[in-house]
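Enquirer: Got a sequence here, can you model it:
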Amino acid sequence: MAEFFAPFLLTGTLLCGLLLPAVSQHGARVDNPSERPNFIIIVADDIGWGDLDANQPEARANNTPYLNLMAEQGLKLTDFHSPASTCSPSRAAILTGRYGLRNGVTHNFAVGSVAGLPLSEVTMPQLLQEAGYYTAMIGKWHLGHNGPYGPTHRGFDSYLGIPYSNDMGCTDIPGYNLPLCPPCDTSGPQVLRERRQPYLLFIALAHMHVPLAPPLPPDTNTTANQPNDYTVYGASLREMDGLVGAVKSTSDDTDKNNTLIWFTGDNGPWEQKCQYAGSVGPFIGKWQTSRGGGSAKRTTWEGGHRVPTVAYWPGKIPANTTSSALLSGMDIFPTLLSLAGVTPPADRPYDGIDATNILLQGEHRGHEFLFHPNSGAAGRFGDLQTFDQGNTKRSTSQVQQRHVGVQQGASSSMTHH
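Expert: Residues are numbered from 1 along each chain as shown. Okay, here's the model as predicted:
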């Protein structure tokens with residue numbers, strides 16, 4: 001478990017790596033090694049599309065001022081979807097650019113799991129690391145903690161965080177009175193300040209997953225604009241927003257014009273937690289909820305995988321813009337590699353698409369459709385569901401989907417079929 005508490009992140013004694021040859025051990029090719037951008041990826045846990053104030057200005061909330069500012073100075077992606085509606089499958093797809101049916105992660109890993117993300121999978125941090133990037137991760141991993149499955153064996157030079165969610169397994173601090181994430185605005189900025197090479201900083205926040213911290217007493221000089229302003233969830237949302245703001249501020253003070261910050265979520269809110277769950281916004285799944293079902297996390301309804309997403313890169317991404325392009329967390333993989341001049345191995349198909357032109361050029365063409373596993377189950381169990389740019393929700397069985405994947409496997413992306 002030592003790898004989960006990398007001391008050099010805490011002390012700031014960060015070691016510079018050497019640039020590797022133009023062709024890595026995984027077959028990735030580096031095209032333009034000079035002036036490569038830095039990347040900060042921030043993934044919130046169990047956050048709802050409606051939790052971002054900028055997505056629902058009519059609500060007049062003030063829970064995400066820093067993210068609102070980032071959206072004003074960058075790009076708000078309103079039709080962005082997590083690859084799955086549960087944690088492990090979504091994170092595996094983000095790091096590999098591949099659906100769970102391809103990368104082998106179709107369910108959440110339990111505390112007692114002995115394996116993790118299959119070792120045959122090549123991750124985004126591995127490819128960037130081999131291309132000369134310093135790669136660091138802070139926060140929740142949830143892709144296996146034994147032996148070679150840990151993050152420092154999957155492409156991260158350093159890691160500080162927890163293997164699972166705060167509510168999994170034993171804890172010495174019961175209840176909700178838990179501290180915020182010190183590494184996010186202490187160790188994280190150290191990485192930003194001290195590196196002398198391009199970097200990938202992957203921050204997987206514990207927010208907004210339970211347990212949550214209680215709110216501070218209301219400031220008598222302010223007025224609540226929304227009923228949840230002083231609830232446990234509202235307070236935790238503002239705390240999360242402050243962490244994002246701290247990272248953005250440090251980045252702006254160091255290498256503002258050469259750093260892409262991409263904020264998104266791993267899946268929608270956990271509605272079974274009632275007052276401790278976020279907002280799906282208008283995506284309430286009326287047909288489903290009217291029959292007693294859920295429409296958020298662990299479902300294929302939009303509230304389960306449509307997540308708030310903002311991209312920020314001063315001088316590169318036009319300010320105060322909005323895109324309705326249909327995108328997925330899987331697109332982070334090919335987009336970052338493209339911007340870094342790295343070509344991924346050609347021995348496997350990928351499902352993410354390069355969103356560079358959407359981010360930088362204002363194009364609006366994304367995926368034609370996306371697949372989502374039902375209730376976190378896919379592969380041998382459950383059905384898959386597709387979501388396309390129209391108003392139709394289509395279902396297809398796992399067997400049918402496997403047939404499509406085999407027939408069209410020659411394509412680099414299932415979304416182009």
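
Enquirer: what bits of the stretch 301-417 of the chain have low per-residue confidence?
Expert: In the predicted model, the stretch 301-417 of the chain carries pLDDT under 70 at residues 374-417.

Enquirer: Strands of that one, residue ranges please.
Expert: 309-312, 321-323, 327-328, 342-343, 369-373, 384-388, 393-396 (DSSP state E, counting those that start in this stretch).

Enquirer: Listing partners with orientation, what would you give for the first one?
Expert: Here strand 309-312 is paired, per DSSP bridges, with strand 75-77 (antiparallel), strand 259-265 (antiparallel).

Enquirer: Which of those strands sits closest to residue 157?
Expert: strand 259-265 (17.7 Å; CB to CB). C-beta here means a position set from N, CA and C on the backbone, and glycine is covered the same way.

Enquirer: what's the closest of the strands paired with strand 309-312 to residue 107?
Expert: That would be strand 259-265 among those, by CB to CB, at 19.0 Å.

Enquirer: hang on, residue 127 packs against residue 337?
Expert: Yes: at 6.1 Å, residue 127 counts as touching residue 337 under the criterion of CB atoms under 8 Å.

Enquirer: Neighbour count for these two, which is higher?
Expert: With other CB atoms under 10 Å as the criterion, residue 127 and residue 337 differ in neighbour count, and residue 127 comes out ahead with 27 against 22.

Enquirer: Quick check: which element contains that one?
Expert: Following DSSP states H and E, one finds residue 127 within helix 124-130.

Enquirer: still on that earlier bit, what's the closest of the strands paired with strand 309-312 to residue 317?
Expert: Of all these, strand 75-77 comes closest under CB to CB, at 5.0 Å.

Enquirer: After that closest one, which helix or strand is next? Please name it.
Expert: Defined by DSSP H and E, the subsequent element after strand 75-77 is strand 80-81.

Enquirer: Let me see the residues that make contact with that following strand.
Expert: By CB atoms under 8 Å, 6 or more residues apart in numbering, the residues outside strand 80-81 that reach it are 264, 305-309, 326-329, 370, 372, 387.

Enquirer: helices or strands next to the helix or strand following that strand in the packing?
Expert: For strand 80-81, the following helix or strand on the C-terminal side (DSSP H and E) is helix 87-96. Counting contacts by 3 or more CB pairs under 8 Å, 6 or more residues apart in numbering; DSSP states H and E, helix 87-96 packs against helix 100-103, helix 124-130, helix 332-340.

Enquirer: average model confidence for helix 87-96?
Expert: The pLDDT scores in helix 87-96 average 92.

Enquirer: Then stretch 266-273?
Expert: 76.

Enquirer: got it, and stretch 117-125?
Expert: Per-residue scores along stretch 117-125 average to 95.

Enquirer: Kindly export that stretch (C-alpha atoms) in CSV.
Expert: Extracted C-alpha coordinates of stretch 117-125, given in CSV (Å, rounded to 0.1, in the frame of the first residue of the first chain):
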residue,chain,number,x,y,z
LEU,A,117,-7.8,-2.6,-14.9
PRO,A,118,-6.4,-5.5,-17.0
LEU,A,119,-2.6,-5.2,-17.4
SER,A,120,-3.0,-5.6,-21.2
GLU,A,121,-4.6,-2.1,-21.3
VAL,A,122,-2.4,0.8,-22.2
THR,A,123,-3.4,4.0,-20.3
MET,A,124,-3.2,7.7,-21.2
PRO,A,125,-0.6,8.4,-18.4
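
Enquirer: just checking, what's the longest helix in the chain?
Expert: Secondary structure of the chain per DSSP state H: the longest helix is helix 232-255.

Enquirer: For that helix, list the C-alpha coordinates in CSV.
Expert: The C-alpha trace of helix 232-255 is given here as CSV (Å, rounded to 0.1, in the frame of the first residue of the first chain):
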residue,chain,number,x,y,z
VAL,A,232,-24.5,19.4,3.6
TYR,A,233,-24.5,19.0,-0.2
GLY,A,234,-24.4,22.7,-1.0
ALA,A,235,-21.5,23.2,1.4
SER,A,236,-19.6,20.3,0.0
LEU,A,237,-20.2,21.5,-3.5
ARG,A,238,-18.8,24.9,-2.7
GLU,A,239,-15.8,23.2,-1.0
MET,A,240,-15.2,21.2,-4.2
ASP,A,241,-15.5,24.4,-6.3
GLY,A,242,-12.9,26.1,-4.1
LEU,A,243,-10.4,23.2,-4.7
VAL,A,244,-10.9,23.6,-8.4
GLY,A,245,-10.3,27.3,-8.0
ALA,A,246,-7.1,26.8,-6.1
VAL,A,247,-5.7,24.6,-8.8
LYS,A,248,-6.8,27.0,-11.5
SER,A,249,-5.2,29.9,-9.7
THR,A,250,-1.9,28.2,-9.3
SER,A,251,-1.9,27.1,-13.0
ASP,A,252,-2.7,30.7,-14.0
ASP,A,253,0.3,31.9,-12.0
THR,A,254,2.7,29.4,-13.5
ASP,A,255,2.1,28.5,-17.2
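
Enquirer: and the nearest residue to residue 146 once chain neighbours are set aside, helix, strand or coil?
Expert: Leaving aside its sequence neighbours, residue 146 sits nearest to residue 114 (CB to CB, 6 or more residues apart in numbering; 5.6 Å). Secondary structure state of residue 114, per DSSP: H, G, I helix; E, B strand; the rest coil, is coil.

Enquirer: Quickly list what residue 323 is bridged to.
Expert: residue 77.

Enquirer: how deep is it tucked in, by neighbour count?
Expert: Residue 323: 21 neighbours (other CB under 10 Å).

Enquirer: Now do the contacts for it.
Expert: Residue 323 neighbours (CB under 8 Å, 6+ apart): 75, 76, 77, 78, 79, 358, 362, 364.

Enquirer: is it true that the first one touches residue 363?
Expert: Spelled out, that is residue 75. No: under the criterion of CB under 8 Å, residue 75 is not in contact with residue 363, lying 11.5 Å apart.

Enquirer: Need the overlap of contacts for those two.
Expert: With CB under 8 Å, 6+ apart, residue 75 and residue 363 have no common neighbours.

Enquirer: Of these two, give the one with the bigger neighbour count.
Expert: residue 75 (23 against 13).

Enquirer: Check the gap between that one and residue 358 for me.
Expert: Distance, residue 75 to residue 358, using CB to CB, to the nearest Å: 8 Å.

Enquirer: cool, and residue 307?
Expert: 16 Å.
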